[in-house]
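In: Curious how this folds, go ahead:
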Amino acid sequence: MSDFQAIADRVEIEALRGEFTDAVMMRDYDRVASLFTPDGVWRMPDIPAEMSGQEQIRAWGRKVPDFVDFLVQNTHPGLILLDGDTASGRAYMSEVGRGRDGRSGVNYAIYHDRYRRTPDGWRFAERVYEIRYLDESPLTGSVPARGADAR
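Out: Okay, here's the model as predicted:
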């Protein structure tokens, strides 16, 4: 790969995927929404959830604390296929989390992505989440105590 623009595009797309994970982990759904094109779509059929456009993504994110106790998400690099100002790719995910309803699980999944170059850089035009493995065994751990509670 000797094309410097292609190298830069790949680095930017990988950074986009990493920022997505950081924003989800920090529950910053305003930032998550900003990583999508204005007409971008986020589909998670196994959850089930589907959001179209940045405002629907923000609105869904405001509800996440109501049903998610905690979520730890890790993104692993995957394929990126460049095609001018658009691209497609896959990112591999591992997650552990627990819902407010007590259900918990560990899963391994794939994000099937479409990207678009914008004046603000690469953004998601579409993310489709496909769970490939799910273990819903109860998680026996807990969030560690912090500060004065840890003493």
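
In: ok, now which ones touch Pro45?
Out: 128-130 (C-beta atoms under 8 Å, 6 or more residues apart in numbering). C-beta here means a position set from N, CA and C on the backbone, and glycine is covered the same way.

In: Need these in JSON lines (columns: distance to Met51).
Out: Listed next are the contacts of Pro45 as JSON lines, based on distance: C-beta to C-beta, whole Å:
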{"residue": "Val128", "distance to Met51": "12"}
{"residue": "Tyr129", "distance to Met51": "11"}
{"residue": "Glu130", "distance to Met51": "16"}
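
In: Would you convert those residues into a markdown table that also reports pLDDT and distance to Val64?
Out: Formatted as a markdown table, the contacts of Pro45 follow (pLDDT from 0 to 100; distance: C-beta to C-beta, whole Å):
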| residue | pLDDT | distance to Val64 |
| --- | --- | --- |
| Val128 | 98 | 19 |
| Tyr129 | 98 | 14 |
| Glu130 | 98 | 20 |
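
In: Please convert those to a markdown table, extending it with secondary structure and neighbour count.
Out: Listed next are those as a markdown table, based on DSSP: H, G, I helix; E, B strand; the rest coil; neighbours: other C-beta atoms under 10 Å:
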| residue | secondary structure | neighbour count |
| --- | --- | --- |
| Val128 | strand | 16 |
| Tyr129 | strand | 19 |
| Glu130 | strand | 14 |
